[in-house]
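K.L.:
Requesting a structural model of the entry that follows:
(chains A and B)
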Amino acid sequence: MSEVDRDSGIVQSTVGLLYPFIAVFSVYLMLNHTTPGGGFQGGSMFAALFIIRVLGLSVGELKVEALYRLEKLLVVFLALIPIIVLFSGLMPRTPLLISWYLKSVEILIGVNVSIGLTIVVFRFVFYTQED
Amino acid sequence: MKIPVIGLRTAVAVILVACCAGGLGWFGMLHENNAATPVIYHYYQRYFYEETETRNAVTAILLTYRMYDTIFEAAILLCSVIGIAHFLRSDIKTT
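P.N.:
Model prediction:
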């Protein structure tokens, strides 16, 4: 990583230009819950946002330990919310709850995937920087 | 030049593995035309909206009928993150 010029103006301006588009598109993918499978794709795009932020804009290190704790908490919530909603029998009677349930599960999956991929990439980046 | 000789144990192991794989394949093909699959297919097609109020059948299956699949996918991601974090961190500490 040491050979990469982090203060390159071309990289910084391109990343700055792409930044809002990636953010908006990933949120759109996560919230578009009527069609299946937006959580993982939106989450990986959101992880790309974190990654280009550090690799391209040379902003300081993210706190990987806090992300790690958040990831574990999110998996617990991702298991709890469906269990509460699906096993309580509320599902067919309340359409508003179902809409919120689908949205929340997709967002949880997306944030979970984005944090997981960010942790993985950062581990590898800082591991290779140690050498 | 010495020709490698396959021992009896290796031959028996290879035959056993081949028989197991073939038997599993045959067993799977036996149940290919099982009557259960079309019933589930028609059930989903007919009742997914009444039961889940979801506008897309695939979303209904992924997020309600087979939510365990999604939960454990997230758990597998967590497991891989734990593995990577653990192994890389220990390497950094020792070197």
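K.L.:
can we go C-alpha only for contacts and neighbour counts from here?
P.N.:
Noted.
K.L.:
list the buried ones in the strand or helix carrying residue A:65?
P.N.:
In this structure, residue A:65 sits in helix A:64-87 according to DSSP states H and E. Going by neighbour count (16 or more other C-alpha atoms under 10 Å in any protein chain shown), the buried part of helix A:64-87 is A:64, A:67, A:68, A:70, A:71, A:72, A:74, A:75, A:78, A:79, A:82, A:86.
K.L.:
which residues sit against that helix?
P.N.:
Identification of contacts with helix A:64-87 by C-alpha atoms under 8 Å, 6 or more residues apart in numbering or on different chains yields A:91, A:101, A:105, A:108-109, A:112, A:115-116, A:119, A:122, B:64, B:67, B:71, B:74-75, B:78.
K.L.:
ok, of those, which one's closest to residue A:15?
P.N.:
residue A:122 (18.2 Å; C-alpha to C-alpha).
K.L.:
for the closest one, what are its contacts?
P.N.:
A:51, A:64.
K.L.:
Quick check: phi and psi at it.
P.N.:
Phi and psi for residue A:122, reported as degrees, to the nearest 10, are phi -70, psi -40.
K.L.:
which parts of chain B sit against chain A?
P.N.:
Chain B comes close to chain A at residues B:50-56, B:58-59, B:62-64, B:67, B:71, B:74-75, B:77-78, B:81, B:84-85, B:88, B:92, as judged by C-alpha under 8 Å from any C-alpha of the partner chain.
K.L.:
out of those, which are buried?
P.N.:
Buried among these (16+ other C-alpha under 10 Å): B:52-54, B:58-59, B:63-64, B:67, B:71, B:74-75, B:77-78, B:81, B:84-85, B:88.
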